[in-house]
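Novice: Model the following, please.
(one chain, ligands or ions: 1)
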Amino acid sequence: MTAINNVVDLRHDNGIAVVTIDSPPVNALSADVRDGLAGAFAALAGDASVTAVVLTCAGRTFIAGADISEFGKPPRGASLHAVQDVMEASPVPVVAAIHGTALGGGLEVALACHYRVCDARAKLGLPEVKLGLLPGAGGTQRLPRIVGAAKALEMVTSGTPMGAKDALAAGLVDAVATGDLTADAIAFARQVVAEGRPLKKVRDDSSRLGGDAASLAPMFAAFRASHARAFKGFDAPEANIKCIEAAVALPFEEGMKVERSEFVKLMTGLQSAAQRHVFFAERQAAKIDGLDPKAELLPVKSVGIIGAGTMGGGIAMNFLNVGIPVTIVETKQDALDRGVAVIRRNYENSAKKGRFPMAEVEARMGRLTPTLALEDLKDADLVIEAVFENMDIKKQIFGRLDAITKPGAILASNTSYLNVDEIAGATSRPESVVGMHFFSPANVMRLLEVVRGAKTAPQVLATAMAIGKNIGKIGVVAGVCHGFIGNRMLGARQAQANKLILEGARPADVDRVLTDFGFPMGPFQMSDLAGLDIGWSADASKGETVRDRLCEAGLRGQKNGKGFYDYDAERNRTPSPVAEQIILDYAAENGINRREIGDEEILERCLYPMVNEGAKILDEGMAQRASDIDIVWINGYGWPVYRGGPMFWAEHDAGRDKIAAALERMGMDVSPRLRAGF
Ligand code: 3H9
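Specialist: Now for the predicted structure:
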């Protein structure tokens, strides 16, 4: 074995050269890896004893892509294109041996090899679009030459990888290993040599593209039309499409030029910077300051959930999905039955859509134990309370849980606003109490705010984060404050939105400005969806707010087709004249002068105070880092991922100084952190 450098080595196996990359964690194509590959192929040049080369990776995966942490920094080391050219031009066959994931630049390296062998669990894909990019190392030109333009289009714009079976069927790999991958790849290489098979260069074969520019034009047009909504706001999907079109219309080298120029545009743009920030932010969020990541976690083999309503049922599904049994508690039989029926219906609908076989519905339902007795939670490792937002009720429940549950059980509240320390105070074991704030629909939304109480034990916090990951959530640690991270900032936005409609903007204007910015819906569409009467009571209502008056007039939002908008049977909306009049009357009664309010003011007044609140959250240590706040907003509230989250946007797009100056003009208290930097 010869070490080419610190991450690549070379060994010989009876005429086959085996080049191995060993660069944990994911063998990304860093400068060292590129240099190592260049060095290995240089060492092989002219070595007449070598009849073929096998490229393998050590560790958990084949090359997972370019090294994203190098992006935006001055270039170092061998260029990836040059390395690929040398491999492709090799006078002896080069075989990629793929395990784990061959992603992005990793698959592009494999596509520059003459043959590809993978193991049965391998996944191959070009996920660059998720980073606001396109495959910049020939992927857009080589992939369609193997799998066809239509399939390549789908792969590069979705970023979804292909499994081994499909890859074999599509010709993306030449064989799937049945035994040891490297041994099988070596055997495959020997066979190629023995049979005198050609040095297959993907670039040279256009026979599988599926047509020419003219015959495929309708396919591209239909693809653009059917994905217009999903791609709205994003630059990268269209750039990817253009490159696949170039692969169809142009010779390989010309197509490569299109790929290069489109790649550079994306790479130097703000959207990709934002999406790369989100990639790392998501991984950073899992890290808890001051906690040993290797510390032992508490076992969670069974879960109790209190409340079988929308929230409790959705939360339960997360655990049932991953094989963890759930006992779900309600106070009344009919509510319990209703909750269980909703869970079953959700599963049946998923099965009908083909997400899993019908038998799986029964398997998941079989893990659910409905009960009216809180005592049935005595053996649960984790209990999540998901009842009405009422402090007295929650304290009562936690007091009872304290008496019922076994020592060491984690007691979590799904509260979205309330003081977790006060809830913990109702028990004799506040160290076992933590907030686990799910977002509705809880079986779908990926965000989980894990609220760290003053006395929450580190192990409890770490376990809550780990269990979140286990059920597919992105956990973010928050401190105890009203509304935690997400709802606290949402409150700042809503307060401004409410003022804006009194001062002259129409609800539909506010919603339009925010949806144009990239949110899936605006604040008033959101209120209508949630229901205007959430937390409102007819008895207590004194007509003091616009919301009170809307509810008093029978406007409840989407649920009765009347809210800030009127809804028809298909849920198409038009601004409600009734709501408009209520707003006008309210403004007049309160002596508010209405004026024309421009889109820029709407945007600034909605978003700047939110950023300010985020900065205050950092001032108070309620979030560990600014990027955690971005993760909350992207995954819980529909902040457009291509804008990187509110704190990234403030820092890199809107500008902190500009925001601070505008907030001063609005007469608001500016967070010191906003001025100083996050
Ligand atoms: C590209 O290839 C452009 C090309 O077209 C070439 C143009 C010229 N770079 O996710 P995990 C780190 S663009 C640097 O927790 P998993 C990650 O930050 C790239 N670092 O593990 C984390 O670090 P830490 C296209 C990377 O097992 C650690 O590795 N490729 C990279 O759950 C473990 O990651 C992609 O977009 C990277 N490329 O999942 C693939 N990848 O421990 C991106 C990971 O310090 N990667 N890290 O927090 C993934 O999808 C997942 O990481 C993977 C493993 C599925 C591979």
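
Novice: Now name the helix or strand holding the residue lying closest to A650 once chain neighbours are set aside.
Specialist: Spatially, and ignoring its direct neighbours in sequence, A650 is nearest to V611 (4.4 Å; Cβ to Cβ, 6 or more residues apart in numbering). Using the backbone N, CA and C atoms, a C-beta is placed for each residue, glycine as well. Here V611, judged by DSSP states H and E, is contained in helix 599-619.

Novice: can you check V156 too?
Specialist: Here V156 is assigned to helix 149-158, by DSSP H and E.

Novice: Show me which parts of that helix are buried, residue by residue.
Specialist: Within helix 149-158, the residues scored as buried using 16 or more other Cβ atoms under 10 Å are 149-153, 155-158.

Novice: Then stretch 20-29?
Specialist: 20-23, 26-29.

Novice: ok, now stretch 512-524?
Specialist: Buried, per 16+ other Cβ under 10 Å, within stretch 512-524: 512-515, 517, 519, 522-524.

Novice: mind saving the C-alpha coords of that stretch as PDB?
Specialist: Extracted as PDB, the C-alpha positions of stretch 512-524 are listed here (Å, rounded to 0.1, in the frame of the first residue of the first chain):
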ATOM      1  CA  ARG A 512     -49.400  39.400  -1.000                       C
ATOM      2  CA  VAL A 513     -46.200  41.200   0.000                       C
ATOM      3  CA  LEU A 514     -45.200  38.300   2.200                       C
ATOM      4  CA  THR A 515     -46.000  35.600  -0.300                       C
ATOM      5  CA  ASP A 516     -44.100  37.500  -2.900                       C
ATOM      6  CA  PHE A 517     -41.200  37.500  -0.500                       C
ATOM      7  CA  GLY A 518     -41.500  33.700  -0.500                       C
ATOM      8  CA  PHE A 519     -43.700  32.700   2.400                       C
ATOM      9  CA  PRO A 520     -46.300  30.100   1.500                       C
ATOM     10  CA  MET A 521     -49.000  32.300   3.000                       C
ATOM     11  CA  GLY A 522     -49.400  35.600   4.700                       C
ATOM     12  CA  PRO A 523     -50.400  36.400   8.300                       C
ATOM     13  CA  PHE A 524     -54.100  36.900   7.500                       C
END
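
Novice: just how off-centre is it within its chain?
Specialist: 20 Å (Cα atoms, centre = their mean, to the nearest Å).

Novice: Run through who's touching that stretch.
Specialist: Outside stretch 512-524, the residues that touch it by Cβ atoms under 8 Å, 6 or more residues apart in numbering are 233, 493-494, 497, 501, 507-508, 510-511, 525, 529, 563-565, 599, 602-603, 606-607, 637-640, 642-643.

Novice: Which residue does the stretch 501-650 of the chain have closest to the ligand?
Specialist: S627 (12.1 Å; Cβ to the nearest ligand atom).

Novice: Wait, K200 touches A112, no?
Specialist: No: the pair K200 and A112 does not pass the contact test of Cβ atoms under 8 Å, sitting 11.1 Å apart.

Novice: what about G210, distance to the ligand?
Specialist: Between G210 and the ligand the computed distance is 23 Å (Cβ to the nearest ligand atom, to the nearest Å).

Novice: no no, R429
Specialist: Using Cβ to the nearest ligand atom, one obtains 33 Å as the distance from R429 to the ligand.

Novice: What subset of the contacts of stretch 512-524 is buried?
Specialist: By 16+ other Cβ under 10 Å, those give 493-494, 497, 501, 507-508, 510-511, 525, 563-565, 602-603, 606-607, 637, 639-640, 642-643 as buried.

Novice: Out of those residues, which sit inside helices?
Specialist: Counting by DSSP state H, the part of those found in helices is 493-494, 497, 501, 507-508, 510-511, 525, 602-603, 606-607.

Novice: any bit of stretch 132-150 sitting next to the ligand?
Specialist: Yes: Stretch 132-150 lies within reach of the ligand by Cβ under 6 Å from any ligand atom, at 133, 135-137, 139.

Novice: Which single one of these is nearest to the ligand?
Specialist: Of the residues of stretch 132-150 next to the ligand, the one sitting nearest to the ligand (Cβ to the nearest ligand atom) turns out to be G136, at 3.3 Å.

Novice: Could you tell me how many residues sit around the closest one?
Specialist: 23 (other Cβ atoms under 10 Å).

Novice: List the contacts of it.
Specialist: 66, 105, 128, 259-260, 263, 267.

Novice: Keep only those of those residues that are in strands.
Specialist: Judged by DSSP state E, strands contain none of the contacts of G136.

Novice: List, out of these, those positioned next to the ligand.
Specialist: Those of the contacts of G136 which are also neighbours of the ligand are 66, 105, 128, as judged by Cβ under 6 Å from any ligand atom.

Novice: Please read off the pLDDT at E651 from the model.
Specialist: pLDDT recorded at E651 is 97.

Novice: That one: what secondary structure?
Specialist: helix (DSSP: H, G, I helix; E, B strand; the rest coil).

Novice: Next, give phi and psi for the residue of the stretch 251-400 of the chain found nearest the ligand.
Specialist: Using Cβ to the nearest ligand atom, the closest approach of the stretch 251-400 of the chain to the ligand is made by R283 at 3.9 Å. Per-residue torsions, R283: phi -70, psi -30 (degrees, to the nearest 10).

Novice: just the helices in the stretch 251-400 of the chain please.
Specialist: 252-267, 270-285, 310-321, 333-352, 358-366, 391-404 (DSSP state H, counting those that start in this stretch).

Novice: Tell me which of the ones you listed is the most buried.
Specialist: Counting by mean count of other Cβ atoms under 10 Å, helix 310-321 has the highest mean neighbour count of these, with a mean of 23.

Novice: tilt between that helix and helix 358-366?
Specialist: 120 degrees (axes from the mean of the first three to the mean of the last three Cα atoms, to 10 degrees).

Novice: which strands and helices sit next to helix 310-321?
Specialist: Counting contacts by 3 or more Cβ pairs under 8 Å, 6 or more residues apart in numbering; DSSP states H and E, helix 310-321 is packed against strand 303-306, strand 326-329, helix 333-352, helix 358-366, strand 433-438.

Novice: All the strands of the stretch 351-500 of the chain, residue numbers only.
Specialist: 368-371, 382-385, 410-413, 433-438, 447-452, 474-479 (DSSP state E, counting those that start in this stretch).

Novice: and the ones you listed as TSV, adding mean neighbour count and mean pLDDT?
Specialist: TSV is the format used below for the strands of the stretch 351-500 of the chain (neighbours: other Cβ atoms under 10 Å; pLDDT from 0 to 100):
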stretch	mean neighbour count	mean pLDDT
strand 368-371	17	98
strand 382-385	26	98
strand 410-413	27	98
strand 433-438	26	98
strand 447-452	26	98
strand 474-479	25	98
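
Novice: Tell me how far stretch 351-365 lies from the chain's centre.
Specialist: Here stretch 351-365 is found 24 Å from its chain centre; the criterion is Cα atoms, centre = their mean.

Novice: what's the answer for stretch 180-187, then?
Specialist: Distance, centroid of stretch 180-187 to centroid of chain: 35 Å (Cα atoms, centre = their mean).
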